[in-house]
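Participant: build me a model from this:
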Amino acid sequence: MQVINHGVPLNVLEEIKDGVRRFHEEDPEVKKSYFSRDSAKKKFDYNSNFDLYSSSPSVNWRDSITCYMTPDPPTQRLAGLRYDILESMDCLKTLLMICHYYPPCPQPDLTLGITKHSDNSFLTLLLQDNIGGLQILHQDSWVDVAPLPGALVINIGDF
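Facilitator: Residues are numbered from 1 along each chain as shown. Below is the predicted model of the structure:
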């Protein structure tokens, strides 16, 4: 579902998208210091086209940054949810933010932004940019999810 009027100010959502874009458009040497294929060892890491060498005929063409907020999650409200409520529901054992960036690709016909998947989480809050591209599988058909300014896409995961 997409939600609007959720209480997160539009300027905060725009600042998140701008910050992600700024990081990914940094000089490669800056990003290199954050690069890791073993994200469990860092609170913040950068990954670039992680499945580039897979056996699949097409690959996910995206760069990602991941920010782990556990075992020390923030104690302030997160998207309007009180910390103590999330903790009582056992939802803070793993709390992370993943920000994907889809750079220009020299062979777009051989790439995907991300392959078909389901989120193995309790809850996913997704913030789209204005480019779009998100699709959901609904009644055996892929349906585009058009981005709405200020909307968050909420997905109940496969927890």
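
Participant: quick one: stretch 21-29 to chain centroid distance?
Facilitator: Computed by Cα atoms, centre = their mean, to the nearest Å, the separation of stretch 21-29 from the middle of its chain amounts to 17 Å.

Participant: how about it: buried residues?
Facilitator: 23, 24 (16 or more other Cβ atoms under 10 Å). From N, CA and C alone the C-beta is placed, and that goes for glycine too.

Participant: any idea of the mean pLDDT for that stretch?
Facilitator: Regarding stretch 21-29, the rounded mean pLDDT is 90.

Participant: CA-only coordinates of that stretch in PDB, if you can.
Facilitator: Extracted in PDB, the C-alpha atoms of stretch 21-29 (Å, rounded to 0.1, in the frame of the first residue of the first chain):
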ATOM      1  CA  ARG A  21      22.100  10.600  -4.400                       C
ATOM      2  CA  ARG A  22      24.900  12.800  -3.100                       C
ATOM      3  CA  PHE A  23      26.700   9.800  -1.600                       C
ATOM      4  CA  HIS A  24      26.400   7.700  -4.700                       C
ATOM      5  CA  GLU A  25      27.600  10.500  -6.900                       C
ATOM      6  CA  GLU A  26      30.700  11.000  -4.800                       C
ATOM      7  CA  ASP A  27      34.200  10.300  -6.100                       C
ATOM      8  CA  PRO A  28      34.800   6.500  -6.300                       C
ATOM      9  CA  GLU A  29      37.700   6.900  -3.800                       C
END
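
Participant: now do that stretch: everything it contacts.
Facilitator: 31, 46, 63, 65, 99, 101, 103 (Cβ atoms under 8 Å, 6 or more residues apart in numbering).

Participant: count residues in the vicinity of the second one, would you?
Facilitator: The number of residues packed near residue 46 is 22, by other Cβ atoms under 10 Å.

Participant: list the contacts of the spatially closest residue to it that is not a sequence neighbour.
Facilitator: Residue nearest to residue 46 in three dimensions, not counting chain neighbours: residue 34, with 3.9 Å by Cβ to Cβ, 6 or more residues apart in numbering. Taking Cβ under 8 Å, 6+ apart, we find residue 34 in contact with 42, 44, 45, 46, 65.

Participant: many thanks, I have nothing further to ask.
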